[in-house]
Structures are given as C-alpha cells and as structure tokens.
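K.L.:
Pasting the sequence and the predicted coordinates here, then a few questions.
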Amino acid sequence: MPPTNYRYELRQADAIAATGHITLDEPVEIGDEIRIGRKHGIVRQLGPRLADGEFRLVIELSATPTR
C-alpha cells in the first residue's frame, strides 16, 4: 500500500497546539496512538481527502508530557 499524506492538527483541549503535514506508511484510524516529533496523542478525527490530496487528521495530545 502506498504511503498516505495527512494535514494534521495537534489539539490540547479545544486549542490547536500545532499544525503540519505528515506522510505515514500505514493508514491510521480513530483511536490509534500516534507520535509526531516529540508529541504523543490519540487520533480523534479523520477527514475526507482535501483538494491537495491530503487527508485531514486531528490528534488529541496526551496530558502527560513526553521526553
């Protein structure tokens, strides 16, 4: 399966902490744990394919800071 491109939002409570783009070898599903850089969270939303071909991905950051 080819890699999947995502446009992500990292959210903490109701605030957007960061946004960016990521390419993953395996598709993700709601509820999956994911790490982006030093941030760790849970996939909360997956959106439809956007005009640029990426999928929207919303990740709720863990309350516990990562090292």
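P.N.:
Yep, that arrived. Numbering: from 1, shown residues only.
K.L.:
Please make it C-alpha for all contacts and neighbour counts, starting now.
P.N.:
Fine.
K.L.:
OK, contacts around E9?
P.N.:
E9 is in contact with I16, A17, A18, T19, G20, L57, V58, I59, counting by C-alpha atoms under 8 Å, 6 or more residues apart in numbering.
K.L.:
Next up, the contacts around the fourth one.
P.N.:
The reference is to T19. T19 makes contacts with R7, Y8, E9, L10, as judged by C-alpha under 8 Å, 6+ apart.
K.L.:
let's go with 7 Å and repeat that
P.N.:
When contacts are counted by C-alpha atoms under 7 Å, 6 or more residues apart in numbering, T19 is found next to Y8, E9, L10.
K.L.:
before we move on, what about the third one?
P.N.:
Taking C-alpha under 7 Å, 6+ apart as the definition of contact, the neighbours of A18 are E9, L10.
K.L.:
And for the first one?
P.N.:
Residues near I16 by C-alpha under 7 Å, 6+ apart: E9, L10.
K.L.:
start at 409 instead
P.N.:
In the new count, where the first residue is 409, that last one comes out as I424.
K.L.:
Identify the bridge partners of it.
P.N.:
Each beta-bridge partner of I424 is listed here: R419, as defined by DSSP bridges.
K.L.:
Quick check: pLDDT value at it.
P.N.:
According to the predicted model, the pLDDT of I424 comes to 95.
K.L.:
Kindly provide the distance from it to G461.
P.N.:
With distances taken as C-alpha to C-alpha, to the nearest Å, I424 is found 22 Å from G461.
K.L.:
okay, whichever strand or helix holds V451 in PDB with CA atoms only?
P.N.:
Under the criterion DSSP states H and E, the helix or strand holding V451 is strand 447-457. Once side chains and other backbone atoms are set aside, the C-alpha atoms of strand 447-457 remain, and they are given as PDB (Å, rounded to 0.1, in the frame of the first residue of the first chain):
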ATOM      1  CA  LYS A 447       4.400  14.900  20.800                       C
ATOM      2  CA  HIS A 448       2.200  11.900  21.500                       C
ATOM      3  CA  GLY A 449      -1.600  11.600  21.200                       C
ATOM      4  CA  ILE A 450      -4.700   9.800  20.000                       C
ATOM      5  CA  VAL A 451      -6.300  10.100  16.600                       C
ATOM      6  CA  ARG A 452      -9.700  11.700  17.200                       C
ATOM      7  CA  GLN A 453     -10.900  12.700  13.700                       C
ATOM      8  CA  LEU A 454     -10.100  11.700  10.100                       C
ATOM      9  CA  GLY A 455     -11.400  13.900   7.400                       C
ATOM     10  CA  PRO A 456     -12.000  13.400   3.700                       C
ATOM     11  CA  ARG A 457      -9.400  13.900   1.100                       C
END
